[in-house]
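Colleague: Structure, please.
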Amino acid sequence: MSTEDGGVAFQDGQSVDSDGPFIVVGANGFLGSEVCLHLRRRNRWAKIVAPLRSTSSTVNPRLEGVNVEWVSCGSVVDREVMQRCLDAASAQNHDNGVQRKHVAGIFYTAGLTIYSTHEEDIAAMHDANVRLPDMVLQFCTDFNLRTVFFSCSHVVGCQFRDQSDWIAHDDTERCHASIDAFPFLQQRRDVELHWHQEALKGRAPIVFLRPSLLLGPGDERVRSTYALLELISGMGPVALRYGGGISFVDVRDVASAALQCMFGNVRGGTLMNLNAANLPCEDFVELVEKTLRLSCTSWIPYRSTPRIPAVILRAAAHGITRMRAIFRLPYDERYSPTYIESKLRFYNVSCQRAKGVIRWDPRDLEETIQDTARHLVRLLQHNEAAAAPNGPTTTNHGEIRVVHRPSTTTSRGRSSIVGFGAATSIASSSWRKSRAAPKQSGGPDAGSHRMRLRRLLAAMTLIALVIAGVVMVSVGG
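Modeller: Below you'll find the predicted structure:
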């Protein structure tokens, strides 16, 4: 039966039991852990089961004491893993032995974003963004399990810089040319398209949610909240003065929307964008500065920074990436052509359907920025303590290998965030210490090494820009 929101009725037609059990795929991540916390707050007795790779490090510290039953596995793309999760979730202990209970639903929150076009990175993203969701959603279809599936609003709302006023709606055609440079978006677009068609035919009881960039507290790996860390670390002009935009939403609101879709009997096939704000980067910087009462760009006014032409940015990114490879420096996605390209885009989306179906009403933007900054400062403090001579040598926050987002700048004369005290004066070098490889005893002085590296990067950037300028002049001539 079709509905105005583009969905079809769930096949089982039964209400969801808040006691569960539930399976959360991707529970160890930013969004998945928030969904688990919301489930636990809704019902302290709800059974939550989640797959966890045996090759992973410890469990997300946010879930300590939350009572999530982890199912260890070698590969999450193996269908047997979902069967083991189903068996573990449905098993209920009673006085007269173990009884079986139908699994109430599945939340799919997994995904992998790498700003890279390297074959090994694309293969890793294919496993996480194509093989895994295909396997899980086919499993959900076979067993008729209600599923809330998280995609990404960028699959419809990724536009070029000259289309900054364009807004994508829930039923807008998915992007094609504008995401050619982003393999992870192409993968997520194709998976969403296939399974949305299956759901509309009544074959799969799946609700699709498309959140924009996730902010809020709890991003232990600093992948989604990196844009805000750039500003707090004093990298605003370098990182954001590309002329693009940013759309974001609070992870807590997204998790709440997921539970509404599960328990509110939202119809299968319904697809909704979830977003709180569409802002040009200039406005985002001003929002952060106003909310946190600090100058993200104290050494140069942000709006006084000239907008760098896109052709120069692209040429510089290719030149820097090539020179880093020649000098055998670690790959840094902040200088990759794919990452630079992402900064030239606008991601404007509307949430009309969510407002009507689940009464979507995201929290105040300043609250999101404030809480995200507090969490980042706590991580900085924790990692500063971990890097101290008498401190621990490993931390929970450094357990995940982060190859693509090392910080290589320090704060220069930044103001302190009111209410955060001296914590915000921690230079981003402390963040780098905790995420870098362990230092060998007797090695060179870390400070001088960082200074040499910064000078080398600055020289490489200048050379790349000069080369790009020469190319532009030659082409123009």
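
Colleague: these two touch, right, residue 181 and residue 343?
Modeller: No. Using C-beta atoms under 8 Å, residue 181 is not in contact with residue 343; the gap is 11.5 Å. The C-beta positions use only the backbone N, C-alpha and C, and glycine is treated the same way.

Colleague: If you count surrounding residues, which of those two has more?
Modeller: The residue with more neighbours, out of residue 181 and residue 343, is residue 343; 23 against 20, by other C-beta atoms under 10 Å.

Colleague: what residue is smack in the middle of the protein?
Modeller: By C-alpha atoms, centre = their mean, the chain has its centre lying nearest to residue 224, at 3.5 Å.

Colleague: List the contacts of that residue.
Modeller: By C-beta atoms under 8 Å, 6 or more residues apart in numbering, residue 224 lies in contact with 30, 213, 214, 215, 251.

Colleague: I'd like the next helix or strand past the helix or strand harbouring the third one.
Modeller: Just to be clear, that refers to residue 214. Per DSSP states H and E: residue 214 is located in strand 213-215. Later in the chain than strand 213-215, the nearest helix or strand by DSSP H and E is helix 226-232.

Colleague: For stretch 246-256, give me every contacting residue.
Modeller: Residues from elsewhere that reach stretch 246-256 (C-beta under 8 Å, 6+ apart): 30-31, 34-35, 37-38, 150, 153, 157, 209, 211-219, 224, 227, 274-281, 284, 346-349, 360, 362-363, 367-368, 371.

Colleague: How about stretch 333-344?
Modeller: So stretch 333-344 is contacted by 114-117, 160-161, 181-182, 239-240, 242-244, 281, 310, 313-314, 316-318, 320-321, 324, 404-405 (C-beta under 8 Å, 6+ apart).

Colleague: among these, which are in helices?
Modeller: 239, 240, 281, 310, 313, 314, 316, 317, 318, 320, 321, 324 (DSSP state H).

Colleague: Disregarding flanking residues, what is the spatial nearest neighbour of the fifth one?
Modeller: In space, residue 313 comes closest to residue 340 once its chain neighbours are excluded; the distance is 5.2 Å by C-beta to C-beta, 6 or more residues apart in numbering.

Colleague: Quick one, grab the pLDDT at that neighbour.
Modeller: Residue 340 is assigned a predicted lDDT (pLDDT) of 87.

Colleague: can you name the two of the contacts of residue 224 that are farthest apart?
Modeller: Farthest-apart pair in the contacts of residue 224 is 30 and 213; separation 11.1 Å (C-beta to C-beta).

Colleague: What residues sit buried inside the strand holding residue 214?
Modeller: By 16 or more other C-beta atoms under 10 Å, the buried positions in strand 213-215 come out as 213, 214, 215.

Colleague: Who does the first one form a beta bridge with?
Modeller: As for beta bridges, residue 213 partners with residue 248 under DSSP bridges.

Colleague: right, and it touches residue 347 too?
Modeller: Yes. Taking contacts as C-beta under 8 Å, residue 213 lies within contact range of residue 347: 7.5 Å.

Colleague: Tell me, how many residues neighbour residue 45?
Modeller: Number of residues near residue 45 (other C-beta under 10 Å) recorded here: 9.

Colleague: tally of neighbours for residue 379?
Modeller: Other residues within reach of residue 379, judged by other C-beta under 10 Å, total 23.

Colleague: what about it, distance to residue 62?
Modeller: Here the distance between residue 379 and residue 62 works out to 12 Å (C-beta to C-beta, to the nearest Å).

Colleague: shared neighbours, the two?
Modeller: Counting by C-beta under 8 Å, 6+ apart, the shared contacts of residue 379 and residue 62 are residue 220.

Colleague: Relative to the whole chain's centre, how far out is the strand holding residue 214?
Modeller: 6 Å (C-alpha atoms, centre = their mean, to the nearest Å).

Colleague: about what we covered before: quickly name whichever of the contacts of residue 224 is closest to residue 42.
Modeller: Nearest member of the contacts of residue 224 to residue 42, counting by C-beta to C-beta, is residue 251, at 16.4 Å.

Colleague: Now do the contacts for residue 79.
Modeller: Residues in contact with residue 79, defined by C-beta under 8 Å, 6+ apart, are 135, 139.

Colleague: Please read the previous query as pertaining to residue 133.
Modeller: Residue 133 touches 108, 110, 149, 191, 195, counting by C-beta under 8 Å, 6+ apart.

Colleague: how about low-confidence regions in this structure?
Modeller: 1-15, 55-57, 92-100, 234-242, 296-306, 386-477 (pLDDT under 70).

Colleague: hey, where'd the strands end up in it?
Modeller: With DSSP state E as the criterion, the chain has strands at 22-25, 48-53, 68-73, 91-94, 97-100, 105-108, 147-150, 206-211, 213-215, 245-250, 271-274, 277-280.

Colleague: Only C-alpha atoms, please: export the first one in PDB.
Modeller: Going back to what we said before, that points to strand 22-25. In PDB, the C-alpha atoms belonging to strand 22-25 read as follows (Å, rounded to 0.1, in the frame of the first residue of the first chain):
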ATOM      1  CA  PHE A  22      17.800  -5.000  18.700                       C
ATOM      2  CA  ILE A  23      20.800  -5.400  16.500                       C
ATOM      3  CA  VAL A  24      23.000  -2.400  15.900                       C
ATOM      4  CA  VAL A  25      25.500  -2.700  13.100                       C
END
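
Colleague: helices or strands up against that strand?
Modeller: helix 30-42, strand 48-53, helix 79-90, strand 105-108 (3 or more C-beta pairs under 8 Å, 6 or more residues apart in numbering; DSSP states H and E).

Colleague: Out of the ones you listed, which is closest to residue 268?
Modeller: Closest among these, using C-beta to C-beta: strand 105-108, at 11.5 Å.

Colleague: Check what contacts that closest one and list those residues.
Modeller: 16, 22-26, 32, 35, 133, 136-137, 140, 145-150, 258, 262.

Colleague: would you put the C-alpha positions of it in PDB?
Modeller: Output in PDB follows, covering the C-alpha atoms of strand 105-108 (Å, rounded to 0.1, in the frame of the first residue of the first chain):
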ATOM      1  CA  GLY A 105      14.600  -4.400  14.600                       C
ATOM      2  CA  ILE A 106      18.000  -3.600  13.200                       C
ATOM      3  CA  PHE A 107      19.800  -0.200  13.100                       C
ATOM      4  CA  TYR A 108      22.400   0.100  10.400                       C
END
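
Colleague: What distance do you get for the nearest residue to residue 207 once chain neighbours are set aside to residue 270?
Modeller: Spatial nearest neighbour of residue 207, chain neighbours left out: residue 261 (4.5 Å); criterion: C-beta to C-beta, 6+ apart. Distance of residue 261 to residue 270, computed by C-beta to C-beta: 8 Å.

Colleague: overlap in contacts of those two?
Modeller: residue 207.

Colleague: ok, how many other residues are close to residue 178?
Modeller: Residue 178: 18 neighbours (other C-beta under 10 Å).

Colleague: List the residues that contact it.
Modeller: 158, 159, 160, 345.
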